[in-house]
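Trainee: sequence first, predicted model second:
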Amino acid sequence: QVQLVESGGGLVQPGGSLRLSCAASGRIFRLNVMGWYRQAPGKQRELVAAITGGGDTNYTDSVKGRFTISRDNAKNTVYLQMNSLKPEDTAVYYCNADLIPRGMGMRSMNYWGQGTQVTVSS
């Protein structure tokens, strides 16, 4: 059984910072792309940032220059450092991973974390 467990959400004032973490555990053969999505009330879930196993990154335009995605392959963990937070960053943030589980015939599968709330408010 593969699980993605997120941590690090919370309440922060505008201009503040938070760091999200997501650890993948279980029978994992290889972790491929890992990413962070977010969903605000009444809006569709959107990709915030993604990172490949080789470290290539991709960001949605609204967070470029403020958020940084990184990963520790030895710990099967992805991070999202969020700086200069704005009220419009308020959302539930979800970790996502494409990975190959052990014992599943080398098929790549997609997994989601349970989500962590980020609220930016004064």
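Mentor: Yes, it's here.

Trainee: so what's the residue most central in space within the chain bridging to?
Mentor: The centre of the chain sits closest to residue 36, judged by Cα atoms, centre = their mean, with a distance of 2.7 Å. For residue 36, the beta-bridge partners under DSSP bridges are residue 49, residue 95.

Trainee: go on, residue 12?
Mentor: residue 120.

Trainee: quick one: low-confidence parts of the chain?
Mentor: Within the chain, no stretch falls below the threshold (pLDDT under 70).

Trainee: pretty sure residue 97 sits against residue 30.
Mentor: No. Using Cβ atoms under 8 Å, residue 97 is not in contact with residue 30; the gap is 10.6 Å. Yep, even glycine has a C-beta here, placed from its N, CA and C like the rest.

Trainee: compare those two (neighbour count), which wins?
Mentor: Taking neighbours as other Cβ atoms under 10 Å, residue 97 and residue 30 compare with residue 97 leading, 22 against 13.

Trainee: can you tell me the helix or strand for that one?
Mentor: According to DSSP states H and E, residue 97 maps onto strand 91-101.

Trainee: for the chain, list the residue farthest from the centre, please.
Mentor: residue 105 (26.2 Å).

Trainee: please report the distance of the residue nearest to residue 57 when sequence neighbours are not counted from residue 72.
Mentor: With Cβ to Cβ, 6 or more residues apart in numbering as the criterion, residue 57 has its nearest non-adjacent residue at 5.0 Å, and that residue is residue 51. For residue 51, the distance to residue 72 (Cβ to Cβ, to the nearest Å) stands at 11 Å.

Trainee: what's opposite the residue nearest to residue 5 when sequence neighbours are not counted in the beta bridge?
Mentor: Closest residue to residue 5 apart from its sequence neighbours, by Cβ to Cβ, 6+ apart: residue 23 at 5.3 Å. Under DSSP bridges, the beta-bridge partners of residue 23 are residue 5, residue 77.

Trainee: for residue 91, give me its contacts.
Mentor: 38, 39, 40, 43, 118 (Cβ atoms under 8 Å, 6 or more residues apart in numbering).
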